[in-house]
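Novice: sequence unknown, structure follows:
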């Protein structure tokens, strides 16, 4: 892959990675304002425009202006590199990501798609909103990106950096539509904060290829108290591990309870503990229960030296509270399930 001007500019910045942490502390000096993460669960199967061919860049791609802009923010260098200090797993994202470098300016606001990566289940992209104005709250967008013409379960995390603007990382979960190449379109149309909205004509279009991965068959089930959890299979890359699992509920259980949600946490053979946040779920066709669901979840920052991983499934069954009662919920912990990470 040819290095674009952005990557060249970044490589010319003489900031040792081992010292970036202290450099950031000194450079920002309290000017960074932490913004909370926002998650948007989009209703599945919303019909949108179809993409019929691989999209090409229509924006100002890797312009000299962007190269100069990146040189001016050596404290960041790359947005993924910046977020590594809050979430260690973004280090792998930065190393494997594709430099996008699309710049769009409208109504005095410059937006930049910095880097992006597609792991087969999720698109992760980093972006910059260049502005000298510190918004009172986290900036929100009228429209979020779509992949293959469909909306996704989308979340993003944003930080404000003085003299730069807002830097953010966004994830688009698309486990229902696995493919080798995905097309992404993002037309934000408006950026809102507090009681103010800025409208603009920003538009981003680009394609990503899936990074290499190995498939790990599992097909192991545990059951308890009318709830069964089956680990179906997993996909391992150099930056994460995505797993498909299902929950199947005894219909009799739903006579007294309304909702069931099965989740996972994991520990590798080296003792590292991992959260396993799910990317989304869908109902199982022709099932006996409305709470029978197929889930997809991802472990970020998996230790490359780990040879096995033990999952600890658990589930919450509950009723929503009403005027006459409080929330009724209980937890079920299942037997652990161990998988081998080194395929023979």
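Specialist: Sure thing, it's come through. Because the structure is predicted, anything quoted here is derived from the model rather than measured.
Novice: show me where the stretch 51-200 of the chain has strands.
Specialist: Using DSSP state E, counting those that start in this stretch, the strands assigned to the stretch 51-200 of the chain run over residues 60-61, 98-106, 109-118, 122-130, 140-141, 146-147, 153-161, 165-173, 181-186, 190-193, 196-199.
Novice: select, out of the ones you listed, the one closest to residue 245.
Specialist: strand 165-173 (14.9 Å; Cβ to Cβ). Where C-beta positions appear, they are placed from N, C-alpha and C, glycine not excepted.
Novice: show residues contacting the closest one.
Specialist: By Cβ atoms under 8 Å, 6 or more residues apart in numbering, the surrounding residues in contact with strand 165-173 are 76, 79-80, 82-83, 90, 121-132, 135, 139, 144-145, 147, 152-161, 184, 279-280, 296.
Novice: what strands line up against that strand, and which way round?
Specialist: Sheet pairing for strand 165-173, assigned by DSSP bridges, gives strand 122-130 (antiparallel), strand 153-161 (antiparallel).
Novice: which of these is buried the deepest?
Specialist: strand 122-130 (a mean of 23; mean count of other Cβ atoms under 10 Å).
Novice: how many degrees apart are that one and strand 98-106 in direction?
Specialist: Per axes from the mean of the first three to the mean of the last three Cα atoms, to 10 degrees, the angle that strand 122-130 makes with strand 98-106 is 40 degrees.
Novice: circling back to that earlier point, for the strands paired with strand 165-173, which one sits closest to residue 214?
Specialist: strand 122-130 (16.8 Å).
Novice: let me see the mean pLDDT of that closest one.
Specialist: For strand 122-130, mean pLDDT rounds to 88.
Novice: going forward, the N-terminal residue is numbered 341.
Specialist: All set: I'll call the first residue 341, so the last point we hit is now strand 462-470.
Novice: still on that earlier bit, now render the strands of the stretch 391-540 of the chain as a markdown table, adding distance to residue 570.
Specialist: Shown next, in a markdown table, are the strands of the stretch 391-540 of the chain (distance: least, Cβ to Cβ, whole Å):
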| stretch | distance to residue 570 |
| --- | --- |
| strand 400-401 | 45 |
| strand 438-446 | 35 |
| strand 449-458 | 27 |
| strand 462-470 | 22 |
| strand 480-481 | 37 |
| strand 486-487 | 27 |
| strand 493-501 | 22 |
| strand 505-513 | 20 |
| strand 521-526 | 28 |
| strand 530-533 | 42 |
| strand 536-539 | 46 |
